[in-house]
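K.L.:
got a sequence here, can you model it:
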Amino acid sequence: MKKLYTGGTFDILHYGHTNFLRQCSLIAGEVIVSLNTDEFIAEYKGQPPILNYKEREKSLLSCKYVDKVIENIGGTDSKPSILQVNPDIIAIGDDWAGGRYYKQMDFTQDWLDDNSIVLVYLAYTKGISTSDIKNRIQNAK
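P.N.:
Residues are numbered from 1 along each chain as shown. Model (predicted):
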């Protein structure tokens, strides 16, 4: 059974997220999400998430496409969380294509190869994002 790792913030879980996670479940027997901590999000994005870690974790665990949620223990260095999972596959949205993801995650193709991990890009769901939802809420006031 193939094990798949993906990570992110997953604030205000929406159909773009679930579509991505559905795609993950189609290519692996087990989908494990490394969830960013509230502290990391505040530092990285300059503001805390709308939903706290436990709320986001519960939302993900209620999604039928997610088997397990772990805490992103490495912050900007995702290698510790990845090695904790020991996946066969890492999946990300194709909006990260072009090498940005390697820098973001602080790994190289050689590191992936040394750990027998395949990186796959899945189609990004256009027309929906957490940022868009936040903007809609602010504009509705």
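K.L.:
drop to CA atoms for contacts and neighbour counts, all remaining ones
P.N.:
Noted.
K.L.:
and the contacts of the helix-or-strand element of the chain with minimal mean pLDDT?
P.N.:
Across the helices and strands of the chain, mean pLDDT, DSSP states H and E gives its lowest value to helix 100-105, namely a mean of 75. Here helix 100-105 makes contact (CA atoms under 8 Å, 6 or more residues apart in numbering) with Thr76, Asp77, Ser78, Lys79, Thr108, Gln109.
K.L.:
poorly predicted segments of the chain, please.
P.N.:
Counting by pLDDT under 70, the chain contains low-confidence ranges at 99.
K.L.:
circling back to that earlier point, may I see the buried residues of the least confident helix or strand of the chain?
P.N.:
Buried residues in helix 100-105, counted by 16 or more other CA atoms under 10 Å: Tyr101, Met105.
K.L.:
report the separation between the spatially closest residue to Thr130 that is not a sequence neighbour and Arg56.
P.N.:
Closest residue to Thr130 apart from its sequence neighbours, by CA to CA, 6 or more residues apart in numbering: Ile12 at 6.2 Å. Using CA to CA, to the nearest Å, one obtains 8 Å as the distance from Ile12 to Arg56.
K.L.:
please name every helix or strand in contact with the lengthiest helix in the chain.
P.N.:
Longest among the helix segments of the chain by residue count, using DSSP state H, is helix 15-27. In terms of contacts (3 or more CA pairs under 8 Å, 6 or more residues apart in numbering; DSSP states H and E), helix 15-27 is packed against strand 30-35.
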